[in-house]
Structure formats: C-alpha cells, structure tokens
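**Q** Okay, predicted coordinates and the sequence, questions at the end:
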Amino acid sequence: MNKKFENACNRKSQKVPPIWFMRQAGRYHSHYRDLKKVNTFELLCKTPELAAEVALGPIKEFDYDVSILFSDILFPLEGLGLPLRFDPGPKFQFNLSKDNVKHLRDIDKAIEFLSFQRDALITTRAILPKRKSLIGFVGGPWTLMNYACGRAKVTDKFKLDYMKSTLIPLLKRNIDLQINAGAEKVMIFDSGLQNMSTKFFNSKYSPLLMSLAMPQTAYYSRNLPRKCINKVVEGDWGGIGVDSKIDIIDCLATVDKGFVQGNFDESKMLLPKHKFMYEIERYCDDIRKSKVDTTGWVCGLGHGIDKTTPEEHVHLFIETVRNRFS
C-alpha cells in the first residue's frame, strides 16, 4: 500500500499528498494507445492480464501513487442482461423498461459475469509495486439508471424501485467482489446527476446512497451542488471526490473524515505549457498560503483526464505538486 494514500485514508498529517487521476489509464497515454491498436476496449477490460498491463502503464510512466482497476462502470448492466458494445462509445442493444424489467434482475448471474474484474484486480496487484495502492470503482446508481433507461420513458418511481430492488444490492456485491480481490477502496463514480434536482437528491436519492457508504467506499459526483455535498458527508464514507467547481480549500476545511480527492480543473491541463504551469503553480500556492489543514487530501483532477492532454503536462503536474508541498 502506498504510504501517502494510507495516511490520507487514515487522516494522518503529511506534507505531500498522494496523486491519482480519474481515467489515468486511457487515451492520452501512448502506452494505452499502443495496446488499443491490437485489442478492443472490451478485450482490454475483460482479459485480466491485459487489464493489469493497462493499469500498470501510467504507474510506470508517471509514478502516480495509486493504480486503478481498468474496467467500465457499465459492465454490471451487461451482467444483468443488457447487451452492450462499444462503437467506440457504449451502446445498448435495448434499454431497460417496464416491459422487460422482470428479465433483468438476476444479481447472481451478474456477479458471476463480473468475475473478470476480480481476476483483473488480483493480477494487477500481483505485478504492481508494493509501494503503490490499488483501488476499484463502480458506477453510481443514478448514473447507471440513466444509461440503462436511455430514451425509454420511465418514471422516477420506476428508477427508484429498480435501484432499491436490483442495482443497489448488485453494487454492494460488486464492491465486495473488488474489496475481496485486493482493492483498498472502491470509488463510486456518479457523474450523471444532471437530470436530478437538489430536493430529489436530498430526499429520495441520498438515503439510497447511504446504504453504499462504508469505510471501504468513496463517493464522487461531477457538478454535485455544495448543498448536496453537505448531505453526502453525513455518510460513513471512506472518502469523497470533488470536481473543480467546488472550492478545495473550503472542502478541506469542512470535511473531517475520510479522504478528499480533487480537484484541479482538467481543462487547464490542455493549455499551452507556460499557461498550464502558471495555473498549477497558482493552485498549489493558493492551498499553501491558505494554511488549510490538508490532512486527508488526495490530489487529482476535477474529473477524468482529457484524451488530448499532453503527457508532458502530466509529468509536470506531479512534479510540481510534489515539489510545492515538500
């Protein structure tokens, strides 16, 4: 386990934060692009040796502190019976609806299908340097419902009922599968809340999320309103992730349990080198000058790294953060 990440999880004070990016094993990296030339995305995810090789690439190249399971949030839906292909983005042959829902509830079958995630984690841990941490992830329930239903006309009650009866129990078992296979934490990526009101989040959705909250899980949602974050942190999470619209200094000052992952604006990674360097140096200096307690901080981006990000900027980001806080 990475000592910096362990300290952040246990809220032990340290000068230099651990660093990892969402989508750090992906299209911006030449290592991934070379593997993608001869393998489909599905094959890379579902072949444990290939998934491990993809996950290890950015660790070797950029020296991130944390490695991440290489997979996709939609595979649990495929396991439930929604035929899925990537062309190049995800496409379902049909969507979840009230007409077929009774045929899409077999959680045991879905977990058996997801065994490749277990094998990928075990294989990744075996080849990963011991000084690096390994985490897994699942999709957030509402995000998965948006994908599953697509353009099908369903009510919020339908979504809530399916989440309660099927998705939440499946995600719990998917999380257990990943933890038992060696993941130190499992991130819940719930970036598809754009069609949800704050009122619905606080009154209807938050209670469902809380059933997934435990010291081994962490929650992230893009564009989550500050009022909703206040509701999220009531849960017994092992950490939360915040996007670049949230004031990281304010968040570090108010969250007192688990880690806080974030939140440099990923779009600034695309700026010309001199402008990018100005932005990352200012980001670090603002945090340092604020004298906020950075205990628990896991440094990263506000969202996933863009596919056009220069590899040089990733190196510079990591070097700058480590130098500024050492």
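**A** Looks like it came in fine.
**Q** how about the strands in the stretch 101-250 of the chain?
**A** With DSSP state E, counting those that start in this stretch as the criterion, the stretch 101-250 of the chain has strands at 133-139, 186-189, 217-220, 239-241.
**Q** would a markdown table of the ones you listed with mean neighbour count, distance to residue 261 and mean pLDDT be doable?
**A** Using the backbone N, CA and C atoms, a C-beta is placed for each residue, glycine as well. Listed next are the strands of the stretch 101-250 of the chain as a markdown table, based on neighbours: other C-beta atoms under 10 Å; distance: least, C-beta to C-beta, whole Å; pLDDT from 0 to 100:
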| stretch | mean neighbour count | distance to residue 261 | mean pLDDT |
| --- | --- | --- | --- |
| strand 133-139 | 25 | 10 | 98 |
| strand 186-189 | 23 | 8 | 97 |
| strand 217-220 | 25 | 7 | 96 |
| strand 239-241 | 25 | 4 | 95 |
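**Q** Distance to residue 74 added to the ones you listed, as CSV?
**A** Below are the strands of the stretch 101-250 of the chain laid out as CSV (distance: least, C-beta to C-beta, whole Å):
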stretch, distance to residue 74
strand 133-139, 7
strand 186-189, 11
strand 217-220, 17
strand 239-241, 19
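**Q** what about those, which gets the closest to residue 203?
**A** strand 217-220 (17.6 Å; C-beta to C-beta).
**Q** Strand partners (parallel or antiparallel) of that closest one?
**A** Paired with strand 217-220 in the same sheet, following DSSP bridges, are strand 186-189 (parallel), strand 239-241 (parallel).
**Q** Quick one, grab the pLDDT at residue 151.
**A** As predicted, residue 151 sits at a pLDDT of 84.
**Q** Would you mind listing the residues in contact with the residue nearest to it when sequence neighbours are not counted?
**A** Leaving aside its sequence neighbours, residue 151 sits nearest to residue 95 (C-beta to C-beta, 6 or more residues apart in numbering; 7.0 Å). Residue 95 is in contact with 82, 148-152, counting by C-beta atoms under 8 Å, 6 or more residues apart in numbering.
**Q** which among these end up buried?
**A** Using 16 or more other C-beta atoms under 10 Å as the burial test, these include 82, 148-149 as buried.
**Q** Let me have those in CSV, adding distance to residue 264 as columns.
**A** Formatted as CSV, the buried ones among the contacts of residue 95 follow (distance: C-beta to C-beta, whole Å):
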residue, distance to residue 264
82, 35
148, 32
149, 33
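**Q** Now flag whichever of these is closest to residue 11.
**A** For the buried ones among the contacts of residue 95, the nearest to residue 11 is residue 148 (36.2 Å; C-beta to C-beta).
**Q** Next one: that closest one from residue 97, what distance?
**A** 9 Å (C-beta to C-beta, to the nearest Å).
**Q** ok, now residue 58?
**A** Counting by C-beta to C-beta - residue 58 and residue 97 are separated by 39 Å.
**Q** Which one's more surrounded, the two?
**A** Neighbours were counted for residue 58 and for residue 97 using other C-beta atoms under 10 Å; residue 58 has more, 25 against 15.
**Q** Might one say that that one is in contact with residue 25?
**A** Yes - counting by C-beta atoms under 8 Å, residue 58 does reach residue 25; the two are 5.3 Å apart.
**Q** Leaving out sequence neighbours, find the closest residue to residue 313.
**A** With sequence-adjacent residues excluded and distances taken as C-beta to C-beta, 6+ apart, residue 313 is closest to residue 269, at 5.1 Å.
**Q** could you pull out the helices for the stretch 201-326 of the chain?
**A** 206-210, 226-232, 248-254, 273-290, 311-325 (DSSP state H, counting those that start in this stretch).
**Q** With respect to residue 9, which of these lies nearest?
**A** Of all the helices of the stretch 201-326 of the chain, helix 248-254 sits nearest to residue 9, with 15.0 Å by C-beta to C-beta.
**Q** What are the buried residues along the closest one?
**A** 248, 251-252.
**Q** Reformat those residues as TSV; add pLDDT.
**A** Formatted as TSV, the buried residues of helix 248-254 follow (pLDDT from 0 to 100):
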residue	pLDDT
248	94
251	92
252	94
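**Q** Output the contacting helices and strands for the lowest-mean-pLDDT helix or strand in the chain.
**A** Here the helix or strand of the chain ranked lowest by mean pLDDT, DSSP states H and E is helix 226-232, holding a mean of 79. For helix 226-232, the packing partners by 3 or more C-beta pairs under 8 Å, 6 or more residues apart in numbering; DSSP states H and E come out as helix 206-210.
**Q** centre of the chain versus the helix it packs on, how much separation?
**A** 18 Å (C-alpha atoms, centre = their mean, to the nearest Å).
**Q** Check stretch 263-273 too.
**A** On C-alpha atoms, centre = their mean, the centre of stretch 263-273 falls 19 Å from that of its chain.
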